[in-house]
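Engineer: sequence first, then the predicted structure:
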Amino acid sequence: MQADAAGVHAASGLAKLRRLRSHKAELILLAVATGCVMAFALWLDGQLRPALDTRERNERAAEELHERMAPCLPNAGRSPTSWCGAVTIPPPPPIPVSPIPLIAGAPAAFCTANGSPSC
């Protein structure tokens, strides 16, 4: 009885080995493909990790800045020149436009666009 069970077990083991041998090329191809996918995933993770760390650091800095300045936000509408103790600097006045010198033989459109009475 035990010899019969051992024989059946051995026969099933041999059958499994035969199936593995018949699918050997497919299994090797599957193992190589799996290795390539894993290697690519590790490489991609290594490439994207610094960008992710920088993004998280920037988001934390923005949140901290917002938390520090949040008490000042309701007061921002009171004065156009101040915001929580900071004074805005007005922009410089516009530079006056000097007329373009008249050039002999200039087309009429050039003279009228410049505001000149005549060329």
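Structural biologist: Happy to help now that I have it. Predicted model only: the values in this text are computed from it and were never measured.

Engineer: mean confidence score for the one helix or strand residue 52 maps to?
Structural biologist: Using DSSP states H and E, residue 52 sits within helix 24-69. Mean pLDDT, helix 24-69: 91.

Engineer: is there a neighbour count for residue 69? I'd like the number.
Structural biologist: 13 (other Cβ atoms under 10 Å). For glycine as for every other residue, the C-beta is placed from the backbone atoms N, C-alpha and C.

Engineer: from residue 59, how far off is it?
Structural biologist: 16 Å (Cβ to Cβ, to the nearest Å).

Engineer: same deal with residue 46?
Structural biologist: Counting by Cβ to Cβ - residue 46 and residue 59 are separated by 22 Å.

Engineer: residue 13 now?
Structural biologist: Residue 13 is 57 Å from residue 59, by Cβ to Cβ.
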